[in-house]
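> need a 3D model of the sequence below.
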Amino acid sequence: MSLVKSPRMTKEKVSANERNRRLAHGAVTDDGRERIRAAHLRHGFYAQDEEVAMRALGEDPAQFQELLEGLWETYIPTDTAQEGLVIRLARATWLMNRADRMQEGYAVRQAEGISSGRQDRLHAQMMRLKMTEERLQRLAQSVATPHYVTPREDLEKMKCLHGEGVLKDMGEIALALFCELQAPGTDEDGIDGFEKARRMVQQAKEIFGIGRSQETEPDIGANPNEPLEEGRDARYPSITAAGWEARERPRQLLENILMRQVETCIEQRKAILKESLKGPSPYERAAEIAPTHPNARLMRRMQDSNFREVRRLTNMLLKLKRYERKMGGVSRDVLEK
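Numbers count the residues shown, from 1 in each chain. Presented below is the predicted three-dimensional model:
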């Protein structure tokens, strides 16, 4: 049993409710619309300070006025309480839209920063590929010479490329082939035994102050008076014709590997250039502007809070309207009786 007594409907109250019901429609005259515009001033929601704040945030007060008028015509408030709820609903809706603009504005700023950095990153990738392509091209040209023997310079270049990982799995194979094509007796450091002996002799002469011209210095490991066998190379007398023939297959394989890697670098540069001209895909852009900033969760809570406020105010207005219609129906029943 309710402790609150239901109001007794009299003929005077029924007549008053009926008159109010006839007057409960949206503003149709200029004076009525002016009253709507002035309503928010009575309730203090759209004073001059509020307009200044909106303009400082880059918002248009006229758009808030349009929102308020649209909600006013939708719910058609008939008393002060309903007017306050409609104005409050407009305010909550505006704040909810502002939270959306905050997130979108930060995403735009983040996307612009990433776009400028993206061009620099792609340009750096193309430059690295171009440099790698030139180094591989020089190595391929060196390997393409007849009777190729790996010099120390080429071995160092290949070690650098392999260390950088630009050739991936093929780098290990290419490095092994370069080592295989070294002169007989060459160590892993790329210096053969003859060269080490020459350096030791030179260091000894420098230590003891012995000066001998290069013309009178004996050539260790090579006899200039000995005639060369057919198919041999005077630069590498220790390699026989059969040895050169056995070295030809790994040399060709190494040349093919280097040329293929040059073509791969060219293809990758073209692909990156096309990507830079086309721009990021929607999926790439979505991944770049993911809300990783510290205030992302706070902005999301603000948005959810404003949405709940809009839902509560809308439910209250709908309940008041249903109650008003119900009371209007009761009034008509009493009059008919």
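> now do the helices in this protein.
Shown for the chain, the helices assigned by DSSP state H span residues 11-23, 30-43, 48-56, 61-75, 80-143, 152-164, 169-180, 193-208, 241-278, 282-288, 296-336.
> let me have those helices in CSV, extended by distance to Asp233 and mean neighbour count.
No exception for glycine: its C-beta is placed from N, CA and C like everyone else's. Listed next are the helices of the chain as CSV, based on distance: least, C-beta to C-beta, whole Å; neighbours: other C-beta atoms under 10 Å:
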stretch, distance to Asp233, mean neighbour count
helix 11-23, 113, 13
helix 30-43, 98, 14
helix 48-56, 84, 12
helix 61-75, 86, 16
helix 80-143, 16, 16
helix 152-164, 17, 16
helix 169-180, 17, 16
helix 193-208, 15, 13
helix 241-278, 7, 15
helix 282-288, 55, 12
helix 296-336, 70, 14
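> and His167, how many neighbours?
In this structure residue 167 is Leu, not His. Burial of Leu167 is recorded as 22 neighbouring residues (other C-beta atoms under 10 Å).
> got the CA coordinates for stretch 171-181 in PDB?
Taking Å, rounded to 0.1, in the frame of the first residue of the first chain, the C-alpha atoms of stretch 171-181 are listed here in PDB:
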ATOM      1  CA  GLY A 171      74.900 -14.900 -47.100                       C
ATOM      2  CA  GLU A 172      76.200 -18.000 -45.400                       C
ATOM      3  CA  ILE A 173      76.500 -19.800 -48.800                       C
ATOM      4  CA  ALA A 174      78.200 -16.800 -50.500                       C
ATOM      5  CA  LEU A 175      80.700 -16.400 -47.600                       C
ATOM      6  CA  ALA A 176      81.600 -20.100 -47.800                       C
ATOM      7  CA  LEU A 177      82.100 -19.800 -51.600                       C
ATOM      8  CA  PHE A 178      84.400 -16.800 -51.100                       C
ATOM      9  CA  CYS A 179      86.500 -18.700 -48.600                       C
ATOM     10  CA  GLU A 180      86.600 -21.700 -51.000                       C
ATOM     11  CA  LEU A 181      87.900 -19.500 -53.800                       C
END
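> contact partners for Gly243?
Applying C-beta atoms under 8 Å, 6 or more residues apart in numbering, one finds that Gly243 lies in contact with Pro184.
> okay, it: pLDDT?
The predicted local distance difference test score for Gly243 is 86.
> ok, it to Cys160 distance?
Distance of Gly243 to Cys160, computed by C-beta to C-beta, to the nearest Å: 28 Å.
> just for the stretch 1-150 of the chain, where's the confidence low?
1-9, 14, 17, 20-49, 113-116 (pLDDT under 70).
> out of the helices of the chain, flag the one nearest Ala234.
Taking C-beta to C-beta as the criterion, Ala234 comes closest to helix 241-278 out of the helices of the chain, the separation being 12.6 Å.
> what angle do that closest one and helix 80-143 make?
Comparing the axes of helix 241-278 and helix 80-143 via axes from the mean of the first three to the mean of the last three C-alpha atoms, to 10 degrees yields an angle of 160 degrees.
> which parts of the protein belong to which domain?
Listed domain ranges for the chain are 11-109+294-336, 125-288 (source: automatic domain parsing).
> any idea how far the closest residue to Ala92 other than its chain neighbours is from Val149?
The spatial neighbour of Ala92 that comes closest, neighbours along the chain excluded (C-beta to C-beta, 6 or more residues apart in numbering), is Glu309 at 4.1 Å. Look at Glu309 and Val149: by C-beta to C-beta, they are 82 Å apart.
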